[in-house]
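**Student:** Predicted model follows, preceded by the sequence.
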Amino acid sequence: MHTHTSIPAFKPSLITVGVLYVLMAASILLQGISASMAPFGVPAETLASPHYVDAMTWVYTHMLIIGVLIGLVGAKSREVGFQRTFVRACFAAHLVYLFLDLRTSDTVFGNALYQGDASAIPAITVFCFLCVFGFLSFAPLRETKDYVPT
């Protein structure tokens, strides 16, 4: 037996965040960009623009790939220094995402570029992920005993 230092809940947290990213992005891509963005008050002429559809397809494909990468890091990373650095980088990235989502939301914090209550959903989701990465960034390490066959 030997001891191993780890961040509590690192693996299940990152796998969960990764899966949620993949499911959200995949559902938007499968529903279609125009249909999925209509509840956000995007004008019909914008929704019909092939440039808008192309740009948003890129955004949601990128979101799907980020989800896969976060989940893979969660599943495969074993070195606690890398884990801590990774979750802190994700925390910083999600601060930027939160700013961008709030800035365009139809809330007291935004300019209502995207309209309606649905415009707050991306910011709320990112805030939840931000909390996960914040917790993991500063959670005390724990030691576990791992059985290693001889």
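**Tutor:** All right, it came through fine. On a predicted model such as this, the values are computed, not experimentally measured, just so you know. Residues are numbered from 1 along each chain as shown.
**Student:** Could you use CA atoms for every contact and neighbour count after this?
**Tutor:** Noted.
**Student:** give me the element the residue nearest the centre of the chain is part of.
**Tutor:** Centroid-nearest residue in the chain, with Cα atoms, centre = their mean: Y21, separated by 5.4 Å. Assigned by DSSP states H and E, Y21 belongs to helix 10-31.
**Student:** helices or strands up against that helix?
**Tutor:** Helices and strands touching helix 10-31, by 3 or more Cα pairs under 8 Å, 6 or more residues apart in numbering; DSSP states H and E, are helix 50-76, helix 121-138.
**Student:** one step back: tell me the confidence at the residue nearest to the centre of the chain?
**Tutor:** As predicted, Y21 sits at a pLDDT of 98.
**Student:** what sits against it?
**Tutor:** Contacts of Y21 were listed using Cα atoms under 8 Å, 6 or more residues apart in numbering, and they are M63, L64, I66, G67, V68.
**Student:** Contacts for stretch 122-139 next, please.
**Tutor:** Around stretch 122-139, the neighbours that count as contacts under Cα under 8 Å, 6+ apart are 7-10, 13, 17, 84-85, 87-88, 90-91, 94-95, 97-98, 101-102.
**Student:** Go ahead and build a PyMOL selection from the buried members of the residues you listed.
**Tutor:** Here is the PyMOL command that selects the buried residues among the contacts of stretch 122-139 (16 or more other Cα atoms under 10 Å):
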select buried, resi 7+10+13+17+84+87+88+90+91+94+95+97+98+101+102
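**Student:** so of the contacts of stretch 122-139, which ones are in helices?
**Tutor:** For these, the ones inside helices are 10, 13, 17, 84-85, 87-88, 90-91, 94-95, 97-98, 101-102, with DSSP state H as the criterion.
**Student:** Pick the one among those residues closest to F109.
**Tutor:** Taking Cα to Cα as the measure, F109 lies nearest L102 of these, at 5.9 Å.
**Student:** Low-confidence ranges, the protein, go.
**Tutor:** Within the chain, the stretches falling below the threshold (pLDDT under 70) are 1-3, 145-150.
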